[in-house]
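Chemist: Starting from these lines, generate the structure:
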Amino acid sequence: MSKDYNAQVAIHYSRYRPPLHEIILCKAMDKGKRFEIGLDVGCGTGKSSKPLSKFCNKVFGIDPSQFMIDNAETDPSIDYICSNSLAQFQDDNFDVVTFAGSLSYAKSESLRRELNRICRDEASVLVYDFEVLLSDLLSGIGLNLSPVDLSSYNHSINISDWEEFKERIVRNEQLDLKPSAEELAHLILSHSTWHDELAALFRDEDPFAPFVSYLKSKGEEFRLPVNIFYSGYRVSKMRK
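Modeler: Residues are numbered from 1 along each chain as shown. Model (predicted):
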């Protein structure tokens, strides 16, 4: 949750993320379940909040990056908050809480206590993430970008070790995406290191247009395998 993003990277992040959130939520949610109030922790630009709103009457999205919040997708059912703390929320407030790629940064005993506090009894907690496998594609189109160091990042992290959150489902699967050149460019440029390397390669502070032209010269169809990870829990509060 503490990762910083500059303005240009946030814009590319907001323009395209793999359209996996709703697919994963449909897999992870109880069938036919609808919630009153939801919370999306680490919401970024709202790419995970908007799909969550299809299952809730009201959604709050929280993220520590003001750049992300400033570029969030507006929706009358979603309120965005720039913060890295859940302390502002009342006790027993939420029917569902989601972590879309944010738990690896946020998991702690403090989060455990706060999550238990703000969730209603029998609330749902969903943890999910996806890993876009870009290495083969980048090599195939002749790009030798710096390897992404994910040694400290765990895509499959969950809260199955927190006993007050009763495990319902834990799954790992693989899907294929076929992004356009524009979508692929936004995806790659949303990584700050790659953005800077491509800006230097194309000698342009905003390398989007020349990068799209480069990608189109390599072909009109790209295949991206994606690993998805999701787990669902039911909050079980101690009754007096």
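
Chemist: Residue ranges in this structure under the pLDDT threshold?
Modeler: For the chain, the stretches flagged by pLDDT under 70 are 1-6, 149-151, 238-240.

Chemist: And the helices in it?
Modeler: With DSSP state H, the ranges of helices along the chain come out as 7-15, 21-28, 49-53, 66-70, 103-106, 109-118, 135-140, 181-189, 192-202, 208-218.

Chemist: and among those helices, the most buried is which?
Modeler: Each of these was scored by mean neighbour count; the highest is helix 49-53, a mean of 24, by mean count of other Cβ atoms under 10 Å. Heads up, the C-betas are built off the backbone N, CA and C, glycines and all.

Chemist: For that one, name the packing helices and strands.
Modeler: Counting contacts by 3 or more Cβ pairs under 8 Å, 6 or more residues apart in numbering; DSSP states H and E, helix 49-53 is packed against helix 21-28, strand 35-41, strand 56-63, strand 78-82.

Chemist: Of the ones you listed, which is nearest Glu164?
Modeler: Among those, the nearest to Glu164 by Cβ to Cβ is strand 35-41 (17.2 Å).

Chemist: I'd like to check the angle between that closest one and helix 21-28, please.
Modeler: Here strand 35-41 runs at an angle of 120 degrees relative to helix 21-28 (axes from the mean of the first three to the mean of the last three Cα atoms, to 10 degrees).

Chemist: What residues of strand 35-41 count as buried?
Modeler: Residues of strand 35-41 classed as buried: 35, 37-41 (neighbour count, 16 or more other Cβ atoms under 10 Å).

Chemist: Could you export these as TSV, including distance to Phe89?
Modeler: Shown next, in TSV, are the buried residues of strand 35-41 (distance: Cβ to Cβ, whole Å):
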residue	distance to Phe89
Phe35	15
Ile37	10
Gly38	12
Leu39	7
Asp40	13
Val41	11
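
Chemist: Now flag whichever of these is closest to Ile118.
Modeler: Comparing the buried residues of strand 35-41 against Ile118 with Cβ to Cβ places Leu39 closest, at 7.3 Å.

Chemist: Name the residues linked to that closest one by a beta bridge.
Modeler: Partner residues in beta bridges with Leu39, using DSSP bridges, are Phe60, Val97.

Chemist: Distance of it relative to His195?
Modeler: Applying Cβ to Cβ, to the nearest Å, the value for Leu39 to His195 is 30 Å.

Chemist: Check Asp121 too.
Modeler: For Asp121, the distance to His195 (Cβ to Cβ) stands at 44 Å.

Chemist: show me the contacts for Asp95.
Modeler: Taking Cβ atoms under 8 Å, 6 or more residues apart in numbering as the contact definition, Asp95 lies against 35-38, 56, 120, 123-124.

Chemist: Spatially nearest residue to Pro18 (excluding sequence neighbours)?
Modeler: In space, Pro18 comes closest to Leu177 once its chain neighbours are excluded; the distance is 5.6 Å by Cβ to Cβ, 6 or more residues apart in numbering.

Chemist: ugh, wrong one, I meant Asp30
Modeler: If the residues on either side of it in the chain are set aside, Asp30 comes closest to Ser124, at 7.1 Å by Cβ to Cβ, 6+ apart.

Chemist: what's the burial count for the one you found?
Modeler: 24 (other Cβ atoms under 10 Å).

Chemist: beta partners of it?
Modeler: Per DSSP bridges, residues listed as beta-bridge partners of Ser124: Val96, Arg234.

Chemist: Tabulate the CA atom coordinates of stretch 66-78 in CSV.
Modeler: Listed next in CSV are the C-alpha coordinates belonging to stretch 66-78 (Å, rounded to 0.1, in the frame of the first residue of the first chain):
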residue,chain,number,x,y,z
GLN,A,66,-2.9,11.0,-4.1
PHE,A,67,-1.9,10.5,-7.8
MET,A,68,-4.0,7.4,-7.9
ILE,A,69,-7.0,8.9,-6.2
ASP,A,70,-6.8,11.9,-8.5
ASN,A,71,-7.1,9.6,-11.5
ALA,A,72,-9.7,7.3,-10.1
GLU,A,73,-12.8,6.4,-12.1
THR,A,74,-15.7,8.5,-10.8
ASP,A,75,-19.0,6.7,-9.9
PRO,A,76,-21.9,8.0,-7.8
SER,A,77,-21.8,4.8,-5.6
ILE,A,78,-18.0,5.1,-4.8
